[in-house]
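Visitor: this is a predicted model, with the sequence first.
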Amino acid sequence: MLNQFLFKKIDNAQLVTFRIFYGLLIIAECYGAIATGWVRRTMIEPKFTFSFIGFEWLQPLPGNGMYIYFAIMGTLGILITLGYRYTLSAFLFAIMWSGVYLMQKTSYNNHYYLLMLLAFIMALFPASRDVSLDSKLNPGFRSKTMHNYIRWLIILQLFIVYTYASVAKLYGDWLDFSIIEILMRGKKDYWLIGDFLQLEWVHTGVAVFGIIFDLLVVPALLWKPTRNIAFALSIFFHLFNSIVFQIGIFPYLALAFIVFFYEPSTIRRIFLRNKPAEMEEQMVLPKNHKLILGYLSIYFVIQLLLPLRHHTYPDDVLWTEEGHRLSWRMMLRSRSGTIRVKVVNKETQESEFIELNDYLTKKQKRKVACYPDFTWQFAQRLKKEYAKKGEDIQVFVINRVKVNDGKYSEFIDPEVDLASVPWKHFSHNEWIQPSQGEE
């Protein structure tokens, strides 16, 4: 029964149409990153970037290399849109985007992670079998069908993203709307809507709608009687997020995903304007169907468990940040902190306080002040810098952090030499002070 459901052939209009939207959004993301100065601010101006721990070797290309890097990704977006050498183009983009994602996290966004997952998924999908240069140049390659599991892989991935995002909002500062008020403070100067976003009833509406929308949008899109309503609410929700929070292509990517919820005949009629696919009367299982099921099972077990890993650490993830990333915990908190970094020469015991401006951009300083992995990585960076001068040092930090509108508390143990302790990927880093630290 499961095999019959997953491997039956369906019209591939949804996948083909999504490929075109996906390629156009890649073009917008990559060329837009150059045009808006994001590449310059994030990849070129910093003296070094904070990569994911373990990927310190992955640093931006020197000089103007990252402009070329993003231009190549944008060009790959064009090839994906046109469906030319699609598999190669899609895999190259997936690899290059993963490089961007892993080489810097100062501008971390859950949506970048989603795009990385999607990039590899799309590279494995037969998305250029129709309405593409690949199918035009090789008519024998053309097909108007795909296996049903392709559609449901996308839907299940979206269900995980939205559901975890909804559940993560069920905590005190979201439920009393205070985090929404904090998020909106920075929007006060927005033209026309700035004052509107400061209204208390708006904060209440955003908080309640955010939980309900994330929890119900996928089921509502799947059920035909509520599909059009869910689509209309999706347009409102994602355009609101795009205008207010300015989160790049994600709102439009989320809207593009909706093609997988409408009937293929509807999608083909609206976007492709050609004849629907003729389905095979008898289903024939692909020879590698067990392998496909195995890969899908492993993938979704990881996707289901990874966002829960913060429960294996002591203390609150909102305080420690351990287990926050890769978990669809979106727009949940605001962090601020103060920090002083002291370097001690092990041989002479002479000490000095570091001038952060000599090493970090303004945005990097904010991250180092209140995110533990940034603070630890900066200590490792200082250790290497001083080693070049022949000095063996210890690094101690004095910092205080607050989450949302809470009180400032001591965050990192000032007695611990961060230059000498290893980073623990799978267990708690004890030098992070408990959340009930000093007032």
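Guide: Right, received. Where do you want to start? Residues are numbered from 1 along each chain as shown.

Visitor: show me where the chain has strands.
Guide: 9-11, 145-147, 335-345, 351-353, 393-403, 409-410 (DSSP state E).

Visitor: save these as TSV, and put in mean pLDDT and distance to residue 316 too.
Guide: (Glycine included, C-beta is placed from N, CA and C.) Listed next are those as TSV, based on pLDDT from 0 to 100; distance: least, C-beta to C-beta, whole Å:
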stretch	mean pLDDT	distance to residue 316
strand 9-11	93	44
strand 145-147	94	43
strand 335-345	96	13
strand 351-353	95	30
strand 393-403	96	9
strand 409-410	96	12
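
Visitor: so can I have a markdown table of these showing mean neighbour count?
Guide: Below are those laid out as a markdown table (neighbours: other C-beta atoms under 10 Å):
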| stretch | mean neighbour count |
| --- | --- |
| strand 9-11 | 20 |
| strand 145-147 | 21 |
| strand 335-345 | 17 |
| strand 351-353 | 11 |
| strand 393-403 | 21 |
| strand 409-410 | 16 |
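
Visitor: mind checking which of these is nearest residue 374?
Guide: Nearest of these to residue 374, taken as C-beta to C-beta: strand 335-345 at 10.0 Å.

Visitor: report all helices and strands that that closest one contacts.
Guide: strand 351-353, helix 362-370, helix 372-388, strand 393-403 (3 or more C-beta pairs under 8 Å, 6 or more residues apart in numbering; DSSP states H and E).

Visitor: now render the strands of the chain as CSV, adding distance to residue 293.
Guide: Compiled in CSV, the strands of the chain are given as follows (distance: least, C-beta to C-beta, whole Å):
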stretch, distance to residue 293
strand 9-11, 17
strand 145-147, 11
strand 335-345, 42
strand 351-353, 58
strand 393-403, 42
strand 409-410, 49
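
Visitor: re the thing from before, nearest to residue 246, of the helices and strands packed on strand 335-345?
Guide: Nearest of those to residue 246, taken as C-beta to C-beta: helix 362-370 at 15.2 Å.

Visitor: tell me the mean pLDDT over the closest one?
Guide: What helix 362-370 shows for mean pLDDT is 96.

Visitor: what does it rub up against?
Guide: By C-beta atoms under 8 Å, 6 or more residues apart in numbering, the residues outside helix 362-370 that reach it are 41, 46, 50, 106-107, 335-339, 356-357, 360, 374-375, 378, 399, 401, 411.

Visitor: now it against helix 372-388, angle please.
Guide: Angle, helix 362-370 to helix 372-388, by axes from the mean of the first three to the mean of the last three C-alpha atoms, to 10 degrees: 100 degrees.

Visitor: orientation of helix 362-370 relative to strand 393-403 in degrees?
Guide: With the same axes, to 10 degrees as the basis, helix 362-370 and strand 393-403 are set at 90 degrees to each other.

Visitor: how far does helix 362-370 sit from its chain's centre?
Guide: Relative to its parent chain, helix 362-370 has a centroid offset of 20 Å by C-alpha atoms, centre = their mean, to the nearest Å.

Visitor: where in the chain is pLDDT low?
Guide: Across the chain, the ranges flagged by pLDDT under 70 are 277-282, 436-439.

Visitor: try 80 this time
Guide: For the chain, the stretches with pLDDT under 80 are 274-284, 436-439.

Visitor: middle-most residue in this structure, spatially?
Guide: Compute the mean C-alpha point of the chain, and by C-alpha atoms, centre = their mean the closest residue is residue 110, 2.4 Å away.

Visitor: list the contacts for that residue?
Guide: For residue 110, the contact set (C-beta under 8 Å, 6+ apart) comprises 325, 327-330.

Visitor: again, but for residue 304
Guide: Contact analysis of residue 304 by C-beta under 8 Å, 6+ apart lists residue 160.

Visitor: against residue 297, how distant is it?
Guide: Distance of residue 304 to residue 297, given as C-beta to C-beta, to the nearest Å: 11 Å.

Visitor: what of residue 310?
Guide: 24 Å.

Visitor: which one of these two is surrounded by more residues?
Guide: Taking neighbours as other C-beta atoms under 10 Å, residue 310 and residue 297 compare with residue 310 leading, 20 against 10.

Visitor: not counting residues beside it along the chain, what's closest to that one?
Guide: Counting by C-beta to C-beta, 6 or more residues apart in numbering, residue 310 lies nearest to residue 323, which is 2.8 Å off, once chain neighbours are set aside.

Visitor: how many neighbours does that neighbour have?
Guide: Residues near residue 323, counting by other C-beta under 10 Å, number 18.

Visitor: next one: residue 111
Guide: Residues within reach of residue 111, counting by other C-beta under 10 Å, total 19.

Visitor: what about the residue nearest to it when sequence neighbours are not counted, neighbour count?
Guide: Among residues not flanking residue 111 along the chain, residue 250 sits closest, at 3.8 Å (C-beta to C-beta, 6+ apart). Neighbour count for residue 250, taken as other C-beta under 10 Å: 21.

Visitor: residues touching residue 250, list them.
Guide: Residues in contact with residue 250, defined by C-beta under 8 Å, 6+ apart, are 109, 111, 114-115, 238, 241.

Visitor: most neighbours among these, please name it.
Guide: Busiest of the contacts of residue 250 [other C-beta under 10 Å] is residue 115, holding 25 neighbours.

Visitor: how about that one, nearest residue that isn't a chain neighbour?
Guide: If the residues on either side of it in the chain are set aside, residue 115 comes closest to residue 97, at 6.3 Å by C-beta to C-beta, 6+ apart.

Visitor: now that neighbour: how far from residue 158?
Guide: 19 Å.

Visitor: grab the nearest non-local neighbour of residue 251.
Guide: Distances taken as C-beta to C-beta, 6+ apart place residue 238 nearest to residue 251, at 3.5 Å, with adjacent residues excluded.

Visitor: show me what contacts the one you found?
Guide: Residues in contact with residue 238, defined by C-beta under 8 Å, 6+ apart, are 250-252, 254-255.

Visitor: mind doing that once more with 7 Å?
Guide: Residue 238 makes contacts with 251, 254-255, as judged by C-beta atoms under 7 Å, 6 or more residues apart in numbering.

Visitor: give me the neighbour count for residue 217.
Guide: Residue 217 has 24 nearby residues by other C-beta under 10 Å.

Visitor: then the one 10 residues further on?
Guide: Residue 227 sits with 16 neighbouring residues when counted by other C-beta under 10 Å.

Visitor: what sits against residue 404?
Guide: 173, 178-179, 182, 333-334.

Visitor: how about a cut-off of 10 Å?
Guide: 172-174, 178-179, 181-183, 318, 332-336 (C-beta atoms under 10 Å, 6 or more residues apart in numbering).

Visitor: now do residue 18
Guide: Residues counted as contacts of residue 18 (C-beta under 10 Å, 6+ apart) are 12, 118, 122, 125, 127, 151, 154, 253, 256-260, 267, 271.

Visitor: for residue 119, see how far away it is.
Guide: Between residue 18 and residue 119 the distance is 13 Å, computed by C-beta to C-beta.
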